[in-house]
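Chemist: predicted model and sequence below, questions to follow.
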Amino acid sequence: GFFLSMLVASQLGSEFLPELNEGTIWVNVRLPASISNDEAAKTLHNVRKALMTVPEVRTTVSKAGQPEDGTDPKTISMAEIFVDVKPPEQWRKGLTREQLIEDMDRAVTDLPGMQPTFSQPIRDNVLESISQIDGQIVIKISGDDLDVLRHTTEAVEKEVRHVRGVYRAEIDRQGELPQLLIDIDRERAARLGLNVGDIEDVIETALAGKATTNLWEGERRFTVAVRLSEQRRAMVNLESILIPTPNGGSAPLSSVASIRESSGAMNIAREAGRRTMAIGIFIKGRDMGSIVADMKDVVAKKVEIPRNYALTWSGEFENQERAMQRLAVVVPISLLLIFVLLFDAFSSFKTAGLILINVPLALIGGFVALWIFSIPLSVSAAIGFIALSGQAVLNGVVMLSVFQQLRNAGYTVIEAVKEGALQRLRTVLMTAMLAALGLLPMALSHDIGSETQRPLAIVVIGGLVTATLLTLVVLPALYVSWFSTPKASPVNDKASA
């Protein structure tokens with residue numbers, strides 16, 4: 001049974017923590033990199049109208065770019081919509097949260113160029129705080145050459161987007177923005193007695209504006225800036241901007257500089273002093289551990305990472321790996337401490353080892369319960385296994401302690417096991433049912449916040465079912481086989497006589 005449960009456990013998949021239902025929905029939308037403020041406002045208005053066509057949506061609030069306090073540095077092309085939905089009891093009959101998100105997805109996707117991703121406010125902030133990138137799984141490629149870095153990132157993104165379970169994969173802040181380049185010719189400027197700083201001051205004043213004085217209204221002060229009108233700032237008119245010369249005259253900007261339009265990267269990010277590009281990945285319908293394993297496999301086979309370039313995996317998966325590595329150290333140490341305490345209590349390696357056998361017996365039910373309810377192995381489930389191990393050891397101690405007492409009273413091994421099992425039947429059942437029934441509401445709950453608690457409760461309840469049965473049946477049988485004195489054979493009796 002234990003080895004079959006291990007086979008079942010290998011099919012469970014893994015994740016960090018189940019997604020918590022916050023009761024609201026957060027929609028992320030990527031707009032064209034060169035979009036203007038006015039066009040972004042119109043587009044988001046259409047997105048909000050599309051979301052409001054879903055009957056369960058109560059209100060929507062959108063934001064493009066960074067907030068006024070500058071705490072979230074994003075470009076105007078990065079938009080977010082907060083969606084407040086009605087209470088579940090007011091939804092259409094039989095509608096689930098997943099179906100509601102699919103309805104919203106269809107409504108927004110019908111708009112030209114819209115590819116939304118759905119998250120939740122707290123979850124979205126947590127994911128961004130982990131890797132500074134929007135995505136459940138984040139792949140980061142670091143290197144020196146921007147073109148090589150871009151080609152490598154695009155190759156990785158092309159391969160991972162076809163992995164089963166990947167809902168969406170996108171390169172963070174990819175795209176180019178139009179740029180106006182004004183190249184100042186130093187030789188031509190020198191002939192007119194101008195230096196680069198003088199010309200730059202005029203360009204700055206004409207295009208961006210420059211403070212010239214202050215205006216006071218009571219105790220409030222306002223800076224007054226001077227710049228050219230919007231029509232004069234148009235690209236076709238830039239060449240005619242006049243630059244004052246030292247001799248009292250003026251010269252057009254075209255006489256000392258060449259003006260052209262180009263494009264450049266929307267964003268150049270650096271981590272640890274190296275240029276870095278990231279791919280944000282959203283998953284759906286499959287556990288995170290299996291998806292990451294498949295992505296690592298396909299990247300290793302089909303994408304060649306250039307020398308001196310580094311590929312790292314981040315996001316929620318990074319937390320999962322870190323948590324599992326810690327548990328891989330904590331659990332063995334805990335079992336070792338339990339063994340030491342048991343040996344100190346019973347002064348017997350065999351007895352302490354026999355009690356610890358209850359732990360794998362308890363794991364059988366825990367893994368089978370997760371498999372029945374299609375729940376991946378997570379940190380929450382791992383904590384449930386730790387709690388389950390403690391309960392299983394407790395039942396073993398209760399059972400074996402009475403066996404030892406009866407043997408010390410003169411009972412044979414068989415008599416001590418029969419009598420002790422009957423005496424401790426009610427005690428073992430009561431301790432197991434107390435824990436199982438106490439966690440039953442947690443296992444059955446579907447309210448907000450129950451997602452992270454349910455795996456723990458299901459593991460403990462399922463494990464106690466097998467642990468209790470096996471404690472009452474297998475443990476006494478093992479005790480008899482381990483501690484009974486073998487009878488002498490007739491041949492040995494004759495020889496000794």
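Modeler: Yes, it's here.
Chemist: can you tell me which residues contact Asp44?
Modeler: Let me fix one detail, which is that residue 44 is Leu and not Asp. 29, 62, 64, 79, 81 (CB atoms under 8 Å, 6 or more residues apart in numbering). Every residue, glycine included, has its C-beta placed from N, CA and C.
Chemist: distance of the residue nearest the centre of the chain from Phe16?
Modeler: Nearest to the mean C-alpha position of the chain, counting by CA atoms, centre = their mean, stands Glu316 at 2.5 Å. Distance, Glu316 to Phe16, by CB to CB, to the nearest Å: 5 Å.
Chemist: now for those two: what residues contact both?
Modeler: Met288.
Chemist: next, count neighbours for Ser254.
Modeler: Counted with other CB atoms under 10 Å, residues neighbouring Ser254 total 12.
Chemist: correction: Leu207
Modeler: Applying other CB under 10 Å, I find that Leu207 has 16 neighbouring residues.
Chemist: that one against Ala234, yeah?
Modeler: No - look at Leu207 against Ala234 with CB atoms under 8 Å: they stay out of range, at 10.7 Å.
Chemist: and the helices in the stretch 201-350 of the chain?
Modeler: 235-238, 288-302, 316-346, 349-356 (DSSP state H, counting those that start in this stretch).
Chemist: buried residues in the second one?
Modeler: In other words, helix 288-302. 288-292, 294-295, 299 (16 or more other CB atoms under 10 Å).
Chemist: which among those residues gets closest to Val398?
Modeler: Nearest to Val398 among the buried residues of helix 288-302, counting by CB to CB, is Gly289 at 36.7 Å.
Chemist: so Ser374 sits in a helix?
Modeler: No - read with DSSP: H, G, I helix; E, B strand; the rest coil, Ser374 is coil and lies in no helix.
Chemist: how many residues are close by it?
Modeler: 9.
Chemist: measure it to Pro32 for me?
Modeler: 40 Å.
Chemist: got the residue ranges for the helices in the stretch 1-150 of the chain?
Modeler: 2-9, 37-52, 97-109, 121-131, 146-160.
Chemist: of all those, which one is nearest Arg191?
Modeler: helix 146-160 (36.6 Å).
Chemist: output the below-cut-off pLDDT ranges for this protein.
Modeler: Residue ranges of the chain with pLDDT under 70: 69-73, 128-132, 175, 448-449, 485-497.
Chemist: ok, 50 please
Modeler: 488-497 (pLDDT under 50).
Chemist: buried ones in stretch 420-434, by neighbour count?
Modeler: For stretch 420-434, by 16+ other CB under 10 Å, it's 420-421, 424, 428, 431-432.
Chemist: ok, stretch 28-43 next?
Modeler: 28-31, 33, 35, 40, 43.
Chemist: among those residues, which are in strands?
Modeler: Assigned to strands by DSSP state E, the following of the buried residues of stretch 28-43 qualify: 28-30.
Chemist: dump these into CSV; add distance to Glu159 as well.
Modeler: Formatted as CSV, those follow (distance: CB to CB, whole Å):
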residue, distance to Glu159
Asn28, 23
Val29, 25
Arg30, 21
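Chemist: between those residues, which is nearest Glu154?
Modeler: Arg30 (16.0 Å).
Chemist: in this structure that closest one contacts Asp172, no?
Modeler: No - with contact defined as CB under 8 Å, Arg30 does not reach Asp172; the gap is 9.7 Å.
Chemist: pipe the buried residues of stretch 28-43 into a markdown table and attach distance to Ser401 per row.
Modeler: Below are the buried residues of stretch 28-43 laid out as a markdown table (distance: CB to CB, whole Å):
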| residue | distance to Ser401 |
| --- | --- |
| Asn28 | 58 |
| Val29 | 64 |
| Arg30 | 64 |
| Leu31 | 69 |
| Ala33 | 71 |
| Ile35 | 73 |
| Ala40 | 72 |
| Thr43 | 72 |
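Chemist: closest one to Gly410 out of those, please.
Modeler: Asn28 (74.8 Å).
Chemist: bridged to the closest one, which residues?
Modeler: Beta-bridge pairing for Asn28 (DSSP bridges): Glu80, Thr117.
Chemist: ok, which of the helices of the stretch 1-150 of the chain comes nearest Asn308?
Modeler: Here helix 146-160 is closest among those (CB to CB), at 10.0 Å.
Chemist: in that closest one, what's buried?
Modeler: For helix 146-160, a neighbour-count test (16+ other CB under 10 Å) marks 149-150, 152-153, 155-157, 159-160 as buried.
Chemist: returning to what we had before: can you lay out the helices of the stretch 201-350 of the chain as CSV showing distance to Glu68?
Modeler: Formatted as CSV, the helices of the stretch 201-350 of the chain follow (distance: least, CB to CB, whole Å):
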stretch, distance to Glu68
helix 235-238, 30
helix 288-302, 35
helix 316-346, 30
helix 349-356, 60
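Chemist: what's the closest of those helices to Gly396?
Modeler: helix 349-356 (3.8 Å).
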